[in-house]
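Q: heads up, no residue letters with this:
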Ligand SMILES: Nc1nc2c(ncn2[C@@H]2O[C@H](COP(=O)(O)OP(=O)(O)OP(=O)(O)O)[C@@H](O)[C@H]2O)c(=O)[nH]1
């Protein structure tokens with residue numbers, strides 16, 4: 001570049017020198033010089049345009065990668081939010097399912113869950129040629145507790161009764177609130193004789209319950225109707241037989257167990273005073 005500049009300045013000084021004004025080669029040199037200057041100008045313009053294109057391409061590349069990374073960060077954020085949201089939905093679904101299967105007062109299985117399990121038990125009993133037992137439990141004279149002590153104490157008694165039932169059944173039995181002061185115990189893979197031991201434990205547990213309300217100790221008794229599932233019977237047929245046995249237990253004086261079609265096990269106990 002310096003050499004070119006030196007040559008340029010030399011030619012320009014020669015062309016400007018009055019001593020060479022009439023030199024025969026001056027005109028040709030001037031045109032050649034002019035042409036050279038124009039060529040150089042063109043080359044410089046091309047170089048500038050090329051530089052411009054190159055930096056534009058660099059900028060575009062840079063902004064493309066920046067946009068890509070920005071987009072990537074956004075996607076990562078959306079994925080994190082979506083993960084959290086899905087986990088929240090899973091937790092919510094679980095909580096909803098749990099809530100829809102539980103009795104809010106006693107936290108025992110509610111009627112809906114009991115029916116679901118009853119259907120499962122019937123198909124399991126059919127498939128595996130097994131049997132199960134249902135016990136309907138109805139608290140005796142519960143209305144008197146509400147009437148004498150108020151609904152809140154009645155609720156508290158129901159909670160305590162539920163706690164005793166749950167504590168006395170085996171871990172694989174299902175105990176639920178059928179409605180009001182009526183409970184249902186499902187004893188899977190059990191015949192009537194084995195069920196009798198569990199039922200007797202539950203009945204004694206309830207008789208031993210004493211709930212303090214101010215200076216009084218409140219106690220309860222319950223009547224039981226028990227039926228063993230028969231082959232080819234629907235769950236509601238077994239339930240109806242347990243219900244009929246329960247009615248019989250009430251008629252016979254309460255605080256006792258009646259075993260459907262198994263009168264020898266009819267458990268008659270002295271009538272307690274609430
Ligand atoms: N506190 C309270 N009481 C309830 C609830 N559900 C049902 N009850 C009451 O339970 C009582 C049931 O009364 P009845 O059907 O006459 O039966 P009972 O007084 O237990 O008499 P027997 O079953 O014949 O021994 C009613 O007073 C209902 O209001 C509840 O969730 N909380």
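A: Done, it's in. Everything numeric here is computed off the predicted structure, so don't read it as measured data.

Q: make it CA atoms for all contacts and neighbour counts henceforth
A: Noted.

Q: any idea how this structure splits into domains?
A: Using the TED database, the domain ranges for the chain come out as 1-99, 111-259.

Q: what packs against the helix or strand containing residue 69?
A: Assessed by DSSP states H and E, residue 69 sits inside helix 26-101. Here helix 26-101 is seen to pack against helix 2-16, helix 111-128 when contacts are counted using 3 or more CA pairs under 8 Å, 6 or more residues apart in numbering; DSSP states H and E.

Q: switch the cut-off to 7 Å
A: Counting contacts by 3 or more CA pairs under 7 Å, 6 or more residues apart in numbering; DSSP states H and E, helix 26-101 is packed against no other helix or strand.

Q: tilt between that helix and helix 2-16?
A: 140 degrees (axes from the mean of the first three to the mean of the last three CA atoms, to 10 degrees).

Q: re the thing from before, most packed of the domains of the chain?
A: Per residue and on average, the most neighbours among the domains of the chain fall to domain 111-259, with a mean of 19 (mean count of other CA atoms under 10 Å).

Q: average pLDDT for that domain?
A: Throughout domain 111-259, pLDDT has a mean value of 96.

Q: and for stretch 47-58?
A: The predicted confidence, averaged over stretch 47-58, sits at 89.

Q: got it, and stretch 35-44?
A: Rounded mean pLDDT across stretch 35-44 is 88.

Q: report the secondary structure state of residue 227.
A: strand (DSSP: H, G, I helix; E, B strand; the rest coil).

Q: reformat the domains of the chain as TSV; add distance to residue 105.
A: Below are those laid out as TSV (distance: least, CA to CA, whole Å):
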stretch	distance to residue 105
domain 1-99	11
domain 111-259	7
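
Q: and residue 65, how close does it get to residue 56?
A: To residue 56, residue 65 is 14 Å away according to CA to CA, to the nearest Å.
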